[in-house]
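Fold the following for me, if possible:
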Amino acid sequence: FDPFCSSCGMSADGLIKALHEVEDKNPPRSVLDFCDTARTVLSNVVAHPDDPKYRRLKCRNPAIQKKVISCRGGPDLFAAIGWRRVAVDYEEMMVYDGANYTLLESVAAKLVTISERVGSKHVGQRPDQDADRQAVLRRMQEDRLERAERLQMAKQKAEASSQPESLSGQEWPSADPELEAVRAARLDQLQAGGRAEAP
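So this is what the prediction gives:
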């Protein structure tokens, strides 16, 4: 990082302190959200240096409020790299008037590093989380398929009971292709999950 941020008058110590606070004083999800949002904001300023819409953040914006302002160290980090809180047309905003794009790129790269580090720690704490999530998703899909099958069967039963008696000796119409597709998908899913039971 630059040893001194000329556009904001703060030393690199303030920036480093803010980066550490973001990483160390927030839950992992908040750190990841902050890093992703801040990196996007900074990258947009660098990519569009002459476009003022990328240099203003509305403080009342729910995403900015939750992911940047509410993150411990987040507002300090933005202040350390030259963003100011101002009122524009009676609305509080964070505004960047600087031109230190090298600093913005460096901070964006550091945020990627922090995000990767926190993400790997977070995943490392719960290695079974992904397997648990997959099991829950599989059960939800099975439930959806069962409900669709029961609904279709109830629909067919209701249609059959409303049919005139003249069909009683005749062959029933062929099964509904949608129901057959649902049954086939459920059977494939059950077989893929290690269960070979038929529906």
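
hey, where'd the strands end up in this protein?
4-5, 10-11, 56-58, 83-88, 91-96 (DSSP state E).

ok, so what distance separates the most centrally placed residue in the chain from residue 119?
The residue lying closest to the centre of the chain (CA atoms, centre = their mean) is residue 33, at 8.3 Å. According to CB to CB, to the nearest Å, residue 33 stands 11 Å off from residue 119. In short, each C-beta sits where N, CA and C put it, glycine included.

again, but for residue 98
With CB to CB as the criterion, residue 98 and residue 119 are 29 Å apart.

Residue 66 now?
Residue 66 is 19 Å from residue 119, by CB to CB.

How about residue 153?
Residue 153 is 45 Å from residue 119, by CB to CB.

Please apply the same query to residue 84.
For residue 84 relative to residue 119 (CB to CB), the value is 31 Å.

just checking, what's the longest helix in this structure?
Looking across the chain with DSSP state H, the single longest helix is helix 129-162.

List the buried residues in that one.
142, 145, 148, 152 (16 or more other CB atoms under 10 Å).

Looks like the third one contacts residue 180 (just checking).
By that I understand residue 148. No: using CB atoms under 8 Å, residue 148 makes no contact with residue 180, being 11.9 Å away.
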